[in-house]
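> Sequence first, predicted model second:
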Amino acid sequence: MPTAMVDLTGRRFGKLVVLEKAEAPDSVTKHRYAYWKCRCDCGKERLARADFLKNGSFHSCAYCPTITDEGEYMRYTAANGRSFIFDKEDLPHVEARRWSVSPDGYVHCSNAQDEFYNLPCILLGVESNPDSCVTRINGDKFDNRKPNDGLQAFHTSGSVQSASSGAALTNG
């Protein structure tokens, strides 16, 4: 005897809120799963199977980052699984943008106007540009905490400048 479908509209599963019942994608029509259109807290929409929502397999759009409290510091994990750490006091700066962590470990983003932002520069209040390569003095590019007391900026002009927390870097 078939079971009655439970209406999930309006229910929250992690970061997803169910909007409405949806048709199964063409690639899976042979299966008899209920699909639901959901909106993630980040604004993206996705289809999700009811059983995946209920068992916790789907809890976000899979594109939004997560920020977790690690005790003495915070951790930002991008959708690609790469992460970096930062001071709790810097949370407003980090939450204001969607960051990318490149394979070589640099944390950056750009906006719709193609303006480049480098996280260590923003946290120290210095100018950031795509021609700069910023690295932490302790050598750990994923560690953006201020106890790492300073950074060095290597510009394409070949000049090297150093700054500690609060000091300004100028382009060379």
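Arrived safely. Numbering: from 1, shown residues only.
> how about residue 136, what does it touch?
120, 143-144, 148, 151 (Cβ atoms under 8 Å, 6 or more residues apart in numbering). Just so you know, the C-beta spots here come from the backbone N, C-alpha and C atoms, and that holds for glycine as well.
> and the residue nearest to it when sequence neighbours are not counted, how many neighbours does it have?
Among residues not flanking residue 136 along the chain, residue 148 sits closest, at 4.9 Å (Cβ to Cβ, 6 or more residues apart in numbering). Residue 148: 17 surrounding residues under other Cβ atoms under 10 Å.
> which residues does residue 69 form a beta bridge with?
Following DSSP bridges, residue 69 is listed with bridge partners residue 74.
> burial count for it?
Look at residue 69: counted by other Cβ under 10 Å, it has 10 neighbours.
> now it: how far from residue 76?
Note on residue 69: its distance to residue 76, by Cβ to Cβ, to the nearest Å, is 11 Å.
> now swap in residue 6 and tell me
For residue 6, the distance to residue 76 equals 35 Å [Cβ to Cβ].
> Compare these two and say which is more crowded by neighbours.
Under the neighbour definition other Cβ under 10 Å, residue 6 and residue 76 were set side by side, and residue 76 has more, 23 against 9.
> Now the host helix or strand of that one: average pLDDT?
Assigned by DSSP states H and E, residue 76 falls within strand 74-77. Average pLDDT, strand 74-77: 93.
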